[in-house]
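A.B. asks: what's the 3D shape of this:
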Amino acid sequence: LRTVTGVQTCALPSGRGSLPWALARSFPRVILFEVSGTIDVGGSLVVSSPHVSVHGQTAPSPGITLYNVELLVRTHDVILQHLRVRMGDSEIGGGDPLGICGAPGDTVHDIIFDHCSAGSGHDEQLSISSCAAGDVRRVTLSSNIIGLGINREGHGYGTLVDSSDSNDHDVDEILLDRNLWTQVSFRTPMIGYAARHVTITNNVTYNEEWSGFHVASAQYPEGQYIDSMHNLNWRGPETENAGTWPTAEASTWPSEPDLWPWDENRRPVSSFAGSSGDSTHVYYLNNYDYVNNDSYTYGNHEGRPIRLEYERYYDGQITYLDIVETSRQTGLVVPLLTPVEIEMLVELDVGCTPGDRDAVDDLAVGQALDRTGGYIDHVGDLGVSPYPTAGAERSLTDIGGYPASSPLDDADGDGLTDLEEWIYGL
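C.D. replies: Just a heads-up that it's a prediction; the model follows:
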């Protein structure tokens, strides 16, 4: 391990100087890499010490992959960037390769997962939960690839944003922006009972069975506020073959025609489910369902606005939602992109090191863009290796502009250290 004023430069795969070792330190740390390859963790890796950022984009090609792992963040002030986190054929812990889990004292907050790739999970691929332990607040998931889960038990899902103990703990102030959910059968994402304020913008879902994202309505009187803006659904083989709704239930469906999709078989394109929907308030703007990729003109035949549905839930009742005309989110400014811009981001700027993707991420993005592929039951079904081999070592000082002498200075006075500006410019 080489230490430069609190900057941890990690070697692989274990022991002093390794990523697990650096994550476990109790002091504030910035973790950078001079080596690359796959870390076979072989179990759960819990980040419980706060004030840590991990930047896989500093590694030489082919970057950093954590495998055979459940990586959980249970603390505050954490940034994970440009990491591949994959579980594999054997389920570990709760089955999610990457997640955020509440802790006693409501100490889990201010977390960013950016440009990561999460897959080969057996439950969700990347989730946010109170874990029946404490509130989770102020979380951003941005520009991630979330998909290619292990679906052999029918549960290779995408993302759950919820509490695991109903309304005892909240999951609040969540932003999901510019992510790709692909080749997962459900929860792209699922916004659960205890998710209070969630903003969902500029995301793409590909080949989700029920063709949309889902909300389980809030059960507490304070209510649940969701902004869903400029999201795209791209249908795939499993979407097109999804089962139809039983016609026997037709008499119980709501009559409002504007709240149903165009599909003649009444397959959902966005499902909102729950038993207490009057406390769920949804602002819904320019979300589009694409049967194919012929055009991206708002409102045309192929780019049809996703309509809202009322889904029968566990108690057999129909949920009614408050569809609001204005956003209830405050203090958050997210640029809203056109469909063309969103597709360009999927091609060029999602997942770990998008300019140097490994074979699995290449497959995930390529299948989504080409509307091909399908769910997998085993890692071998991918047809490519999920274990990138190590490249040549490279000193950080060999990368242009590295501020070796003064990494924690702020030369231009903009509030970012010289090191941060160098990292985010890579």
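
A.B. asks: which secondary structure element contains the nearest residue to residue 425 once chain neighbours are set aside?
C.D. replies: Residue nearest to residue 425 in three dimensions, not counting chain neighbours: residue 401, with 7.3 Å by CB to CB, 6 or more residues apart in numbering. From N, CA and C alone the C-beta is placed, and that goes for glycine too. For residue 401, there is no helix or strand it lies in under DSSP states H and E.

A.B. asks: Can you tell me how far residue 401 is from residue 34?
C.D. replies: Look at residue 401 and residue 34: by CB to CB, to the nearest Å, they are 16 Å apart.

A.B. asks: And residue 344, by the same measure?
C.D. replies: Taking CB to CB, one finds residue 344 at 32 Å from residue 34.

A.B. asks: quick one, which of these two is more surrounded?
C.D. replies: Counted by other CB atoms under 10 Å, residue 344 and residue 34 do not tie: residue 34 has more neighbours, with 19 against 12.

A.B. asks: quick one, helices of the stretch 251-400 of the chain?
C.D. replies: For the stretch 251-400 of the chain, applying DSSP state H, counting those that start in this stretch gives helices covering 339-348, 359-370.

A.B. asks: How about the spatially closest residue to residue 285 that is not a sequence neighbour: which residues does it bridge to?
C.D. replies: Leaving aside its sequence neighbours, residue 285 sits nearest to residue 229 (CB to CB, 6+ apart; 4.4 Å). Under DSSP bridges, the beta-bridge partners of residue 229 are residue 201, residue 285.

A.B. asks: residues contacting residue 229?
C.D. replies: Residue 229 sits next to 199, 200, 201, 202, 283, 284, 285, 286, 287, 327, 334, 336 when contact means CB atoms under 8 Å, 6 or more residues apart in numbering.

A.B. asks: can you redo these as CSV with distance to residue 163?
C.D. replies: As requested, the contacts of residue 229 are exported to CSV (distance: CB to CB, whole Å):
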residue, distance to residue 163
199, 18
200, 18
201, 23
202, 26
283, 22
284, 24
285, 27
286, 29
287, 25
327, 23
334, 24
336, 29
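
A.B. asks: Closest one to residue 64 out of those residues, please.
C.D. replies: Nearest to residue 64 among the contacts of residue 229: residue 202, at 25.7 Å, using CB to CB.

A.B. asks: In contact with that closest one, which residues?
C.D. replies: Applying CB under 8 Å, 6+ apart, the residues near residue 202 are 177, 178, 229, 230, 231, 334, 335, 336, 337, 342, 345.

A.B. asks: Those: which two are farthest apart?
C.D. replies: Largest separation among these by CB to CB: 229 and 345, giving 15.1 Å.

A.B. asks: about what we covered before: what number of residues are in the vicinity of the residue nearest to residue 425?
C.D. replies: Residue 401 has 9 neighbouring residues, counting by other CB under 10 Å.

A.B. asks: That one and residue 422 touch, don't they?
C.D. replies: Yes - using CB atoms under 8 Å, residue 401 is in contact with residue 422, at 5.4 Å.

A.B. asks: what stretches of the stretch 1-150 of the chain score poorly on pLDDT?
C.D. replies: 1-14 (pLDDT under 70).

A.B. asks: What's the ChimeraX line that selects buried ones from the contacts of residue 229?
C.D. replies: The buried residues among the contacts of residue 229 can be selected in ChimeraX (16 or more other CB atoms under 10 Å) with this line:
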select :199,200,201,202,283,284,286,287,334
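
A.B. asks: What about residue 142? Give its phi and psi, please.
C.D. replies: Phi and psi for residue 142, reported as degrees, to the nearest 10, are phi -140, psi 140.

A.B. asks: Report how many residues lie close to it.
C.D. replies: A count of nearby residues for residue 142, using other CB under 10 Å, gives 20.

A.B. asks: Could you double-check that it lies in contact with residue 116?
C.D. replies: No - with contact defined as CB under 8 Å, residue 142 does not reach residue 116; the gap is 9.4 Å.

A.B. asks: May I have the predicted confidence score for residue 194?
C.D. replies: Per-residue pLDDT puts residue 194 at 76.

A.B. asks: ah, wrong one, I meant residue 382
C.D. replies: Residue 382 is assigned 96 on the pLDDT scale.

A.B. asks: Now do the same contact list for it.
C.D. replies: Residue 382 sits next to 148, 360, 363, 376 when contact means CB under 8 Å, 6+ apart.

A.B. asks: who's the last one bridged to?
C.D. replies: Beta-bridge partners for residue 376, by DSSP bridges, are residue 150.

A.B. asks: ranges for the strands of the stretch 251-400 of the chain?
C.D. replies: For the stretch 251-400 of the chain, the strands defined by DSSP state E, counting those that start in this stretch cover 271-273, 280-285, 288-290, 303-305, 309-311, 322-324.

A.B. asks: Quick one: mean pLDDT over the helix or strand encompassing residue 420.
C.D. replies: Using DSSP H and E, residue 420 falls within helix 418-424. The pLDDT scores in helix 418-424 average 93.

A.B. asks: Which residues does that helix contact?
C.D. replies: 7, 30, 32, 55, 57-58, 81, 401-403, 406-412, 414, 416.

A.B. asks: Narrow those to those that are buried.
C.D. replies: Among the contacts of helix 418-424, those scoring as buried are 7, 30, 32, 55, 57, 58, 81, 402, 403, 407 (criterion: 16+ other CB under 10 Å).

A.B. asks: from those residues, which two are the most distant?
C.D. replies: 81 and 403, at 17.9 Å, using CB to CB across these.

A.B. asks: pLDDT below threshold where in the stretch 251-400 of the chain?
C.D. replies: Where the stretch 251-400 of the chain drops to pLDDT under 70, the residues are 251-279, 289-326, 328-331.

A.B. asks: pLDDT score assigned to residue 154?
C.D. replies: pLDDT for residue 154: 80.
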